[in-house]
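S.K.: Fold the following and give me the result.
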Amino acid sequence: MNAAADFRYCPRCTTELAAIVQDEDGGPKTRQRCPACGWTHWNNPTPVLAAVIEKADEGGQILLARNAAWPGRVFALITGFMEAGETPVEGIAREVQEETALQAESVSLIGVYDFQRMNQVIIAYHVVARGEVRLSPELAEYRLYAPEDVRCWPAGTGYALADWLTARGYTPQWRELPGRPPRPAD
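M.R.: This is a model prediction of the structure:
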């Protein structure tokens, strides 16, 4: 999905947008622009929050969940969008609580990762949490994994999980996805 292709009309005057070249700070740049009023669709990446949830009351196992809308049985990190007026740390603690009913005890930054396919920037955190898991309707099921048993996918949050594992002395195992090579060596 390309967000720029989905954004077709000017929100100011409803004229159809066009790919128009215009000089910007870095030189000429083609963007979706309104030929009538000059409005520009910047198509900047959206920040997304992600959590490697370590279940403190389950021996430090990692919680991964399956999104109800996903086909197959792929389990992944808890993710979500920031709300206006909250910090990224507040946002990921809220997302963990909303999606799993777990309470975050500590939150620490793993890193920031680009996910160009979805035009997103992922801000990933390690969240130590406690409580009884009760999934939101967005999630179909969850599993707890020993850190050495999780497998990372070669995209977005998979890189965050791999970096978290590496920082703790584990060698990440990579899951193969059709058409995607494993993460290149750093």
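S.K.: Hmm, V52 is touching T79, no?
M.R.: No: the criterion here is CB atoms under 8 Å, and V52 misses it with T79 at 10.9 Å. In short, each C-beta sits where N, CA and C put it, glycine included.
S.K.: More neighbours: these two, which one.
M.R.: Higher neighbour count among V52 and T79: V52, with 24 against 20, using other CB atoms under 10 Å.
S.K.: Quick check: what element follows whatever helix or strand that one lives in along the chain?
M.R.: Per DSSP states H and E: V52 is located in strand 46-55. Toward the C-terminus, strand 46-55 is succeeded by strand 61-67 as the next helix or strand (DSSP H and E).
S.K.: Not counting that next one itself, show me its contacts.
M.R.: 52-55, 73-78, 99-100, 102, 129, 133, 135, 138-147, 150 (CB atoms under 8 Å, 6 or more residues apart in numbering).
S.K.: at 7 Å what do you get?
M.R.: Strand 61-67 is contacted by residues 52-55, 73-78, 100, 135, 138-147, 150 when judged by CB atoms under 7 Å, 6 or more residues apart in numbering.
S.K.: which residues of the chain fall in helices?
M.R.: Assigned by DSSP state H, the chain shows helices spanning 3-6, 88-100, 156-167.
S.K.: Can I get those in CSV including mean pLDDT?
M.R.: Converted to CSV, the helices of the chain look like this (pLDDT from 0 to 100):
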stretch, mean pLDDT
helix 3-6, 55
helix 88-100, 98
helix 156-167, 96
